[in-house]
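J.: any chance you could fold what I've pasted below:
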Amino acid sequence: MNSNTRVIYAKRIKSGSLAALVFSGTAMLMIPMCLFFGVLAFFGAKTVHVNGSYVTGIGGFLLSLVYGPLFTGIIGLFAWTGTYLAMRLVGHFRPYRIEYVDSGENTPTQ
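T.: Reported below is the predicted structural model:
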């Protein structure tokens, strides 16, 4: 066990903190994946489509730049809502055990 690993017990996590965790995790998956598909579409692969037709070339690449944040928002919203409701339900019966690594600073930087 790491010497600066700490454990806390919590009944629930504030919704804003949970949203930051869920949306950042979703963005780390969706944005690079959409960007990858956009690069493939730029070189002619049929990976990006809108209204049932494939978009290739620069249009496909630009559309993938729009799809990344859009899919992040949609999927993140569903994941955040489900996680928040599940944490409220389970936290009502028993506290969560959360392990974290201490930053070593006394005050958070802003």
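
J.: low-confidence ranges, the chain, go.
T.: Within the chain, the ranges that satisfy pLDDT under 70 run 1-3, 104-110.

J.: which strand or helix spans the spatially most central residue of it?
T.: In the chain, the centroid-proximal residue (CA atoms, centre = their mean) is Thr26; its distance is 2.0 Å. Under the criterion of DSSP states H and E, Thr26 resides in helix 15-42.

J.: continuing past that helix, what's the next helix or strand?
T.: Remark: after helix 15-42, the chain's next helix or strand is strand 49-50, criterion DSSP H and E.

J.: returning to that earlier point: could you find the closest non-adjacent residue to the residue nearest to the centre of the chain?
T.: Spatial nearest neighbour of Thr26, excluding adjacent residues (CB to CB, 6 or more residues apart in numbering): Gly76 at 4.1 Å. In this view, the C-beta of every residue, glycine as well, is placed from N, C-alpha and C.

J.: repeat for Val7
T.: Nearest residue to Val7, sequence neighbours excluded (CB to CB, 6+ apart): Glu99, at 5.3 Å.

J.: count of neighbours near the residue nearest to Thr26?
T.: A count of neighbours around Gly76, defined by other CB atoms under 10 Å, yields 19.

J.: secondary structure class for it?
T.: helix (DSSP: H, G, I helix; E, B strand; the rest coil).

J.: looks to me like Val7 is in a helix.
T.: No. Membership of Val7 in a helix is not supported by three-state DSSP, which gives strand.

J.: residues in contact with it?
T.: Val7 is in contact with Arg97, Ile98, Glu99, Tyr100, counting by CB atoms under 8 Å, 6 or more residues apart in numbering.
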